[in-house]
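# After the sequence you'll find the predicted model.
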Amino acid sequence: MAVLGPYGVTLQVPDIEPGAQYYSEAGLLAKVDGNTAHLTCYAGAHECITLLGGAARKRLHHLSLRADPALFDEVRRAVPAQGGQLIDAPRGFSADGVWLEDPHGLCVHLVDAPRENELASTEPFSINGPGRVVRKNRSAMLAKAKADDVRPVRLGHVLLFSPDVPRSVQFFSDALGMGLADRAQDVIAFMCARHGSDHHVVAFVVLASAPSAQATPATPGTECRCNRPQATASTSLAGQTSPRQATC
């Protein structure tokens, strides 16, 4: 059970300004330092999305996952045995933890980081049903003038394209100790940490039309827990949901 949860995503982009603006408008806190943008969730203690400017096109630089340092040596042995490879830290990034590539070339950084604080409890959404009227003389939704601003509070999970979903699942299971939470044939699969996890930490969806020379995960979808959905083709900020304990 090496992987414990999501930690962050680093993207290479041609220009950081549009990305920083988009995520700021979606409720993240942005700090731009030269050609790098650091984006933090409202209740987060660390940046969950990093944008590196100057790339020819948008692509995933690496995925960061919080992991148990006591199992780092076990991971180092398992990665090459499962078809991946250990790599040096990219220039400009910390060498702490474990840097690796999966069989498709996805760069992953396992980090030793504390568990994030539990989310503050909120009033449950009131739904009337047959024989159960819990909301009287009031709307289910607050008026816009009374609603709080959208503020993502935590990186919930990361969605990655894969040229071979079963192979990705096998590697993340056998090399990184993750569990399979759910799947839809070989089209999409959801993977969780094996203890105290939300439904999933990482999801893989098949990249059906990937050119053979580019058959590596190129652009992730990322999700932060917040209060209402906003989305683009590659990145989504989804509405807050109740955590569900995975049993995988």
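That came through fine.

# In the chain, which residue is most central in space?
Centroid-nearest residue in the chain, with CA atoms, centre = their mean: residue 158, separated by 2.6 Å.

# hang on, isn't it packed against residue 201?
Yes - contact criterion CB atoms under 8 Å: residue 158 and residue 201 qualify, at 7.5 Å. All C-beta spots, glycine's among them, are computed from the backbone N, C-alpha and C.

# For these two, list the residues in contact with both.
Common contacts of residue 158 and residue 201, defined by CB atoms under 8 Å, 6 or more residues apart in numbering, comprise residue 6.

# quick one: contacts for residue 175?
75, 78-79, 81-82, 84, 100, 102.

# Let me see the confidence value for it.
For residue 175, the model assigns a pLDDT of 96.

# Quick check: the gap between it and residue 78.
4 Å (CB to CB, to the nearest Å).

# Please apply the same query to residue 171.
Noted for residue 171: a distance of 9 Å to residue 78, by CB to CB.

# Looking only at neighbour counts, state which of the two leads.
residue 171 (24 against 18; other CB atoms under 10 Å).

# Bridged to the closest residue to residue 44 other than its chain neighbours, which residues?
Leaving aside its sequence neighbours, residue 44 sits nearest to residue 154 (CB to CB, 6 or more residues apart in numbering; 6.3 Å). On the basis of DSSP bridges, residue 154 is bridged to residue 225.

# What's the local residue count around residue 154?
Neighbours around residue 154, by other CB under 10 Å: 20.

# Could you report the pLDDT at it?
So, for residue 154, pLDDT stands at 84.
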